[in-house]
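> All I have is the shape, not the residue letters:
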């Protein structure tokens, strides 16, 4: 596979450029008999959609998804599901200023060198706009996981620059434009973002994602461990520079007696492992964190070069998110959902009865 | 693929349990015409091998690898390469005490639940002993990358518990049993490890890995970005709980103007990105870091349960590494080598002339 | 992968039902820098298109393909190519008569049993209408193969029922509605088809496909030999029941001294092997033949059963090809092109210089 | 994957050259909890083994397979299964006469051109000796299919040169050295083979393989239809030049009214389709046929060329099968078993309850 697919049994393949005709994807391997319609996906697409708050880009895209195949009379048929989102807000503006310019921190230079040609309009394929299709496909996975297995997946912004969430209230996440679980910090966030916008700069962020209700047994040792596959899926989101499972980098200075999660007949006493042991889900909540870099699309001038071998100063104007971490929240959920869905099917393939993966031994 | 393979064009598939008959692997897709013999692999196997210093497990395995196919008259033929390491130090001891016991922090419980059966001897397939084959396969990739493309890969221990390397001297890494690049800390490390052994506990660590000489253009957007694939490979190493590319989690509190690597005709002014932009190698050194958890095999007692539904106290005696991070150094190199090798071939498949991926535009 | 993809480095994934909203596909791995537009595909789509002669179904579909991504300013960019054909002639007729009926010889029964649900309109996903996307993707491969490597692929109808082509004139194939290479048989074909239509029955056919200019070296032993991959691709065309390479089933009664193709410095003396030795292309023309069954959509009554467990008589009326082999000609070309394209890229991945696969040794 | 693997969920990867150190394979994805030991494989290995009758090559290899991993206390654990057969009869003879010679009809020329290097001893990787590992892996699949699902797979020689089986008595197949189901032809076969040996020539053959007890629902449209996958697996056997499903090439001159298998509540009235409709198993026996070319290793002189660009006459002496079709019988069974096993797991992945694939609708 040449890079635009993810998964082995639940396979998502995407296409589309930021300012091309349309974005699309094919979901191959979705079980038949699941109720599905566009509204199931639209909710998450709207959460990711630009232009919904003053903290994100002003680009306005309705991002309306259409199901083109694989669903008949309201339910999946087991055949490949085609999804399409037409690009509507492709301002036919003049790109001559960036056509030959390699914006620092972007993929302009690497795409040009890799392929010898690139669609420079809005970043082309390297634009985060591509993630809209991941969110759509992830919504299908989320629906199945929840409906058939009771698995729920929720992400939130756990840190924006210096501002950390100190309490995690899942009920608050959808109540604010930051997907932030600590309401005591909302004013600070608002103020921080206003100052940031004035300065024309951007900021990094940390996003956390949690899956509950995951049965014991998902993950395929040794290379396709569940944690390895989650790392692959999350690091593959634009702007992500780090992935942690459970305690993540805190383990570097932990003792074994401190880190290991003790077990009793009442269950695990803690969840330092983040729900994965030996690459296989343990039945505890799966917990992952990602580091999102600050976008390089800022109005602070920076030095760069052109395709014709000249030095140039870059100033990015226009519609850009000062913190791409915010809109990454539904994307992180989608990617985790796709991985869990795929591994649920992979586990099912090898094991006669997937229900045997519910804890039959030991713990209450 | 059911989990024991990694790669698309350079594919490594492994088998073997800790106390089984043998470990083995098949490398499929290695280019023909490369000089290869057992000694090429043995060097790295010896670096990973247990029993080489007082800081690692006392299990003694010669770990002698044999090439069974794919090499003729000293060079690769393009056909699949079979590698084998026979297990010699499988002490036929009595395992009845751990047969039904789920050691906390180990994969005992999850393997049992996933498969309904497990080889409990020494952790079976979940043992880090399995990584010997990754090191052997990685050595093949390393040789090719260095010989044909001048790519070099070096890993080191950047932190052990509270002790951080403050200077990185690549020349010192192989001169001490810790693979530590900061000689001023060697005494502190020695003392820390002696105290740790006395306490019967273990400690986490951070390992860093760097590849130099990587051409521009490796990595396949969007899901198989080079950083996503590196994350997959490194998170798939036993005990890894976090992966960073470049600045990693430091980006959370970075500004865009601070993070982006400016460019001039003299090249990049910095390498916050860790050598990857938009999922594609930029020609700068590729830099990754991993967090290694402290092993759960410690003599400090801990609560657990048995397969028959009873609570039990676990004390692990015997031969175990107090810091598994040390021996992870050659494993991290091997995994990065496998990923780069695979992506070199994938890039070559799609692009008419791989040499076009050397920087033809712009920078000196 | 769950079945809707073909290829490893040049990957084609399709979606779409006969009477759904649209058909589509994603081509992943197409090399960058190739000139491509809709017209390149439309020619072959028109050759496959129904309603073009009195010998094929009267269903009228313009089958206009749109490129949605992966092409910029007239050339491929190396990113995934999205293609779409909207269904226009989906007569919103009453399907209640076939909703619960399993037409004999069709996939109705097996789809229902496999998935528990099916889109019964026009056969849904099992309709040969799905092959339109294969033809579109194949046209991309054909263009690349011809332009970059001088490889040409031509198929023809070599037999229709009892009427065999006895001379093969490639120049005549496109001059008649049968894609038949022997003009002396055209009147007989016309008469045969008229009689067949009157009887309401259908007939089988044999299609042959030849690729010239294929370099030595394509094919990956041992499982993905070029002949095995061609067999996979051709047997995967609707209604195909047999695949031959070179002499095919004639070898059963051949002697070794008769079958083997002798070599001299002037080249091979014959081509019984059909251009493939040991699963690898030999530089000779690649020759394959397929057997196409007669369609089961006929007006001759036949016994069957219903989903509710009753026996029923089936009479298929409406727009159907009396010989599906005719329209299979461009499909066979497309499938062979996809396989050759994929193997060209796979070969290139492993071998430093694809040009080394041109005959450097021996023959003139 | 680079060619040495087959399957998606039940994956078999092989290595080994004819005169190398050993042959081996890894089975990845075998369900846990299945009783397995070496004897399960040895039976089929012995059926394929050379030197067992005067009709096959005199090379004597015990072909003793060892299980190296994935089996614990007599049952599979769900981890990868490593298998090994050491080569013992590698006569260290002088190969200088064939080192630079391209034997006509063999893979010598294509391997040399593809890889630039080859193991010329006994054909190296292109030798049919490689199929021993397929037979071993196939035996694992056969055992699972029979034990868990009651699926049985039997192949036989249906034609040897001009001599066709006219009655198919499955009970006779294992009673003669030809795997021939028609005892009335055994004398004729014996006489034919004696004459053939005297002439130093070889002959083609046809092998048929039948699977009974296959549930409805196996096969993944559209590219990985069950028939397409069977064609891939069978055409991938050395010397195969044609594959048929059901009536195969006879369909070319069949009418639709003749070919389609009518259905009643008593089941299908015939099996022209060979047990597959729309690429999905129908519950009827799966029937396939393959054409095996006559081996090119004959003592009849033939013209060829050398790697140094000279013309040469080739006479193959030594131990060779005059009809490779005979020993292909267990190989064909193995390949069909691997395909069915893989598709059973693939089907199970997507469908909640694999038992739903037993005929719940309609027929008795």
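Structure's in. What do you need? What you see is a predicted model, and the numbers here were worked out from it, not measured in a lab. Numbering: from 1, shown residues only, chains lettered A, B, ... in the order given.
> List the buried residues in stretch A:206-215.
By neighbour count on 16 or more other CB atoms under 10 Å in any protein chain shown, the buried set for stretch A:206-215 is A:206, A:207, A:208, A:209, A:210, A:211, A:214, A:215. C-betas here are computed from N, CA, C, even on glycine.
> my read: residue A:173 touches residue A:167, true?
No: the criterion here is CB atoms under 8 Å, and residue A:173 misses it with residue A:167 at 11.9 Å.
> Give the residues shared as contacts by these two.
By CB atoms under 8 Å, 6 or more residues apart in numbering or on different chains, residue A:173 and residue A:167 have these common neighbours: residue A:181.
> about what we covered before: which of the buried residues of stretch A:206-215 fall in strands?
A:206, A:207, A:208, A:209, A:210, A:211 (DSSP state E).
> Would you confirm that residue A:37 contacts residue A:72?
No: contact criterion CB under 8 Å: residue A:37 and residue A:72 do not qualify, at 11.7 Å.
> Turn the buried residues of stretch A:206-215 into JSON lines, columns for pLDDT and distance to chain B.
Below are the buried residues of stretch A:206-215 laid out as JSON lines (pLDDT from 0 to 100; distance: CB to the nearest CB, whole Å):
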{"residue": "A:206", "pLDDT": "98", "distance to chain B": "5"}
{"residue": "A:207", "pLDDT": "98", "distance to chain B": "10"}
{"residue": "A:208", "pLDDT": "98", "distance to chain B": "12"}
{"residue": "A:209", "pLDDT": "98", "distance to chain B": "14"}
{"residue": "A:210", "pLDDT": "98", "distance to chain B": "16"}
{"residue": "A:211", "pLDDT": "98", "distance to chain B": "16"}
{"residue": "A:214", "pLDDT": "96", "distance to chain B": "12"}
{"residue": "A:215", "pLDDT": "95", "distance to chain B": "9"}
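> Tell me the confidence at residue A:127?
Residue A:127 carries a pLDDT value of 93.
> hmm, back to that, compare residue A:37 and residue A:72 and say which one has the larger neighbour count.
Higher neighbour count among residue A:37 and residue A:72: residue A:72, with 20 against 11, using other CB atoms under 10 Å in any protein chain shown.
> Excluding chain neighbours, what is closest to the residue in the stretch 151-300 of chain A positioned nearest to chain D?
Residue nearest to chain D within the stretch 151-300 of chain A: residue A:221 (7.1 Å; CB to the nearest CB). Once flanking residues are discounted, residue A:221 sits nearest to residue A:279: 4.8 Å by CB to CB, 6 or more residues apart in numbering or on different chains.
> Wait, the one you found touches residue A:218, no?
No: using CB under 8 Å, residue A:279 is not in contact with residue A:218, being 9.6 Å away.
> So between these two, which is more surrounded?
Neighbours of residue A:279 and residue A:218, each counted by other CB under 10 Å, are more numerous for residue A:218; the result is 32 against 26.
> got any ranges where chain A has weak pLDDT?
For chain A, residues meeting the criterion pLDDT under 70 lie at A:1, A:51-52, A:57-59, A:89-94, A:318-319, A:352-364.
> can you give me the helices in it?
Counting by DSSP state H, chain A has helices at residues A:38-48, A:96-99, A:108-115, A:131-149, A:186-199, A:226-235, A:256-259, A:324-350.
> and the angle from the fourth one to strand A:205-212?
Counting by axes from the mean of the first three to the mean of the last three CA atoms, to 10 degrees, helix A:131-149 points 20 degrees away from the direction of strand A:205-212.
> And for the third one?
Relative orientation of helix A:108-115 versus strand A:205-212 (the same axes, to 10 degrees): 70 degrees.
> Helix A:108-115 - contacts with which helices or strands?
strand A:101-102, strand B:280-281 (3 or more CB pairs under 8 Å, 6 or more residues apart in numbering or on different chains; DSSP states H and E).
> does chain C sit close to the last one?
It stands for strand B:280-281. No: using CB under 8 Å from any CB of the partner chain, strand B:280-281 never reaches chain C; the gap is at least 10.7 Å.
> Name every strand pairing with that strand and say which way it goes.
strand B:276-277 (antiparallel) (DSSP bridges).
> For chain A, which residue gets nearest to chain D?
Per CB to the nearest CB, residue A:349 is where chain A lies closest to chain D, at 3.8 Å.
> can I assume that residue is in contact with residue D:342?
No: between residue A:349 and residue D:342 there is no contact under CB under 8 Å: 9.4 Å.
> residues shared between the contacts of the two?
Listed contacts common to residue A:349 and residue D:342 are D:9, D:29; contacts here mean CB under 8 Å, 6+ apart.
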